[in-house]
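1. Coordinates for the following, if possible.
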Amino acid sequence: MYSIKQFRSHWANKTINYSVLVFVTLVSLVLITQYLQVEHYDTPLILGVIAAALAIEDDTFCGRIKSYSLALVCFAIAAFSVHLLYPYPALFALGLVLSTFAFVMLGAIGDSYRTLSFGSLLLAIYAMLGAGNYTSMWLQPALLLSGAFWFFFVSLLWHLITPMHPVRQNLADVFATLSKYFTVKSQRFHPHSGQPDRQLGIDEAKLNSTVVTALNQCKSILLSHSKKVDKKNGWKNYLNIYFLAQDIHERIRSSHIKYEELVPQFMHSDIMFRFKYLLEQQALSCQKISNAISVGKVYRHDTAYQEKLSELEASLDYAKHLNHYSEDVMDQLAFLYKNLATVEELISNIDAAEPHFIDENSLYDPNAKSIRSIFTRIKSSMTIDNPLFRHAIRLSSALLIGYAALTLLPIEHGYWIILTTLFVCQPSYSATKQKLVTRSLGTVTGLLIGTPLLALFPSPASQITFIVISAVLFFSFRVKNYGYATAFITLLVLFCFAQVGDGYQVVFPRLLNTLLGCFISVLAVMYLLPDWQSKKLSKLMSEALDANLDYLDNILAQYRTGKKDSLGYRITRRNAHDKDADLNVAVRNMAIEPSKYRVDINESLRFLMLNHSLLGYISALGAHRKRINDAEIHKLILNAHHHLRHRLKNCSKSLSIADSPTLTKPNDNLSRGTNMLYGWPINDDVTVQLVSRQLQLIDRAIADMETVSTDLLQIYE
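-> Below you'll find the predicted structure:
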């Protein structure tokens, strides 16, 4: 029997919830057209719903009204301009290029404008599909806008039912990704002989990038809801949980030791297995927190985990008294234990009555606030080096080529070329390649399934049913499996044309035009202002080092002034993680690009792993921030800081000018082993010991990065 608990779980699922919204919208729309006996208007109305659903992101009620109003204005401009210019090919081509460029550049304002611009372009192409088939030039645009308006209206009512659902789902996603990161991190403590598992490091960097993305998306949703806070809706509690998630991420991201150094000493000890087990249990806790948040329940932490912590502490004490292990390693494991114990405390206090203490209870808002700042941001993006500007030119040109093909060649339903190009042509080659493969396979699959279904279900009522089901399934699979989504949207297209008696006639044109659109997209990303990752890789490496340096500066200052989770500190921490994630994406994308456009992938991956390790060592310093009152120690920290700062800056500078004729190679005189880092006097303060060892780990990571940088610079030469 279907229980209330199961219903709440399914209702809380983001994909299911949104699919039900689309289903309700389409069914209600079809029922209205049936009642008014205007069933022949179903196709443009449904296409309007699809464009609207792809154009808007989650927001507050007032924010949605503003977004929907702006979307309807953009949709109206797109739809009516198509019908006005349709009889004049030259003007139509000019309007297509200018509008595409303008809509894409709207994305410079913020992420929400990127989805709005895509939806507007999609609606314009939907208007092209039916242009010339209506006696009145106003009818099809009005129908498309009516479909969009109906979706906006239903989604507003939907939002009133569960206003905080987007916040809960994004926050739940954060803990779900943290759970996966904990699981991968636990594999570091699986004793094995031989060389360290390189793939494990790559997987860890990839998952960290996913966590960073989830945190940023959650922050955007929290910011939108912070503009009008209702104290009864739990927004402050969700904000508190978000800050806890940030703290947990910093701590689990920390690295206190080179893990491969543990294996020789602890191959036959239970200590590593106990660390592994604890991390696995914390991964399970994060998943339970995710489930609880998604359904709006209070998380109850299992107190049995505290016993596992005590057992691990006892094992560490026993191993230390045996004197069989390096004292430095045991001290670092003690700090690792302390870090995980703090993580356990944070997890257990997710739904505590007392909020998580933070010095500045605010979020950094990067969005443009005024008309002037909007125009300034767009203007600053109008440079050939800006990826968005290059994509705007590339997509505009690709759509123009598609329009020229359908105008000059005898191609039936040629606007599908433009539609395919819009979906497939992405800012990067790797994303375009992925879309190309999935869209081609999805189209073929949809045609193979849809053709016999047309014969089996010839009645208009059954076909409308398939149209609604196909649209819902398209949105269900759009994010997780674009190939399936394309298959279902292809079914929708077949049944839409079957409504006017052209079902079988569109099978071959759909396939041919999809392949032509994919071909044009590939040509555009390869030969028209291509964004090969190798061209910007050295710059991303330099930016990652600079962000790590800012993070290190902020952390070491707090060992003098005391721990403070200020907004400035959180910005530098997030920026360091963002740059690490950007570098990870660039290296992975480069691996997919043609070999002649790559730099040495092995050296690039090695640099990525080293940067990931460097950020882990710095994060450990951030996790254990504590004021040190010894003036002599501060002098040692300051000297070491200057030493490391000089080396990081020098390495960053070398990479940032890698394309220029004169290269600044890493300074060989700044070698390891100086008293600045390795000659500190013996000190009983465990915090001082931690700082000393972490700075040494940072120094070793920088030395390795200098070597890799030198090798990469030789390639650029």
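2. And the residue in the chain sticking out farthest from the centre, what's its pLDDT?
-> Distance from the C-alpha centroid of the chain peaks at L322, with 47.1 Å (C-alpha atoms, centre = their mean). L322 is assigned 76 on the pLDDT scale.
3. can you check S193 too?
-> On the pLDDT scale, S193 gets 54.
4. try A172
-> 92.
5. again, but for P666
-> Confidence score, pLDDT, at P666: 45.
6. and what of L583?
-> For L583, the pLDDT comes out at 93.
7. same deal with Y305?
-> According to the model, Y305 scores 75 on pLDDT.
8. Could you verify my assumption that it touches E280?
-> No - judged on C-beta atoms under 8 Å, Y305 makes no contact with E280 at a distance of 10.8 Å. From N, CA and C alone the C-beta is placed, and that goes for glycine too.
9. do you know how far the residue farthest from the centre of the chain is from R693?
-> 21 Å (C-beta to C-beta, to the nearest Å).
10. Break down the stretch 551-700 of the chain into its helices, ranges please.
-> 567-592, 601-623, 631-656, 675-678, 686-716 (DSSP state H, counting those that start in this stretch).
11. helices or strands up against the third one?
-> If I follow you right, that is helix 631-656. For helix 631-656, the packing partners by 3 or more C-beta pairs under 8 Å, 6 or more residues apart in numbering; DSSP states H and E come out as helix 533-561, helix 675-678, helix 686-716.
12. Just the buried residues of whichever strand or helix holds S69, please?
-> Assigned by DSSP states H and E, S69 falls within helix 61-85. The neighbour-count check on helix 61-85 (16 or more other C-beta atoms under 10 Å) flags 63-64, 67-68, 70-71, 74-83, 85 as buried.
13. Just the residues contacting stretch 596-608, thanks.
-> 198, 202, 205, 530, 532-534, 537, 541, 583-584, 587, 590-591, 705, 708-709, 711-712, 715-716 (C-beta atoms under 8 Å, 6 or more residues apart in numbering).
14. ok, and for it, which residues are buried?
-> For stretch 596-608, the neighbour count (16+ other C-beta under 10 Å) marks R598, V599, E603, S604, L605, R606, F607, L608 as buried.
15. And for stretch 138-155?
-> 140-152, 154-155.
16. what's near enough to touch the closest residue to D582 other than its chain neighbours?
-> Leaving aside its sequence neighbours, D582 sits nearest to L540 (C-beta to C-beta, 6 or more residues apart in numbering; 5.7 Å). Under the criterion of C-beta under 8 Å, 6+ apart, the neighbours of L540 are K579, D582, L583, A586.
17. Show the buried residues in those.
-> Members of these classed as buried by 16+ other C-beta under 10 Å are K579, D582, L583, A586.
18. What distance do you get for the second one to V298?
-> Which is D582. Distance, D582 to V298, by C-beta to C-beta: 37 Å.
19. Also the first one?
-> Distance check for K579 against V298: by C-beta to C-beta, it reads 36 Å.
20. residues touching the nearest residue in space to N611 that is not next to it in sequence, list them.
-> Of all residues beyond its chain neighbours, the one nearest N611 is A544 (5.2 Å), with distances taken as C-beta to C-beta, 6+ apart. Applying C-beta under 8 Å, 6+ apart, we find A544 in contact with A576, K579, D580, D582, L583, N611.
21. which one of the residues you listed is nearest V424?
-> D582 (23.5 Å; C-beta to C-beta).
22. burial of the closest residue to T407 other than its chain neighbours, as a residue count?
-> In space, and not counting its chain neighbours, T407 is closest to P89: 5.6 Å by C-beta to C-beta, 6+ apart. Counted with other C-beta atoms under 10 Å, residues neighbouring P89 total 13.
23. L636 reaches L695, doesn't it?
-> No - shown here, L636 and L695 do not form a contact pair, counting by C-beta under 8 Å, at 9.3 Å.
24. What are the boundaries of the helices in the stretch 201-350 of the chain?
-> Using DSSP H, counting those that start in this stretch, the helices found in the stretch 201-350 of the chain span residues 235-253, 262-266, 271-295, 304-322, 327-348.
25. do you know which of those lies nearest T572?
-> That would be helix 235-253 among the helices of the stretch 201-350 of the chain, by C-beta to C-beta, at 11.7 Å.
26. ok so, going back, so how far is the helix holding S69 from its chain's centroid?
-> In terms of C-alpha atoms, centre = their mean, to the nearest Å, the centre of helix 61-85 is found 27 Å from the chain centre.
27. swap in stretch 677-690?
-> With C-alpha atoms, centre = their mean, you get 40 Å for stretch 677-690.
28. Contacts only, for the residue nearest the centre of the chain.
-> Centroid check for the chain by C-alpha atoms, centre = their mean gives T213 as the closest residue, at 3.7 Å. Neighbouring residues of T213 by C-beta under 8 Å, 6+ apart: A581.
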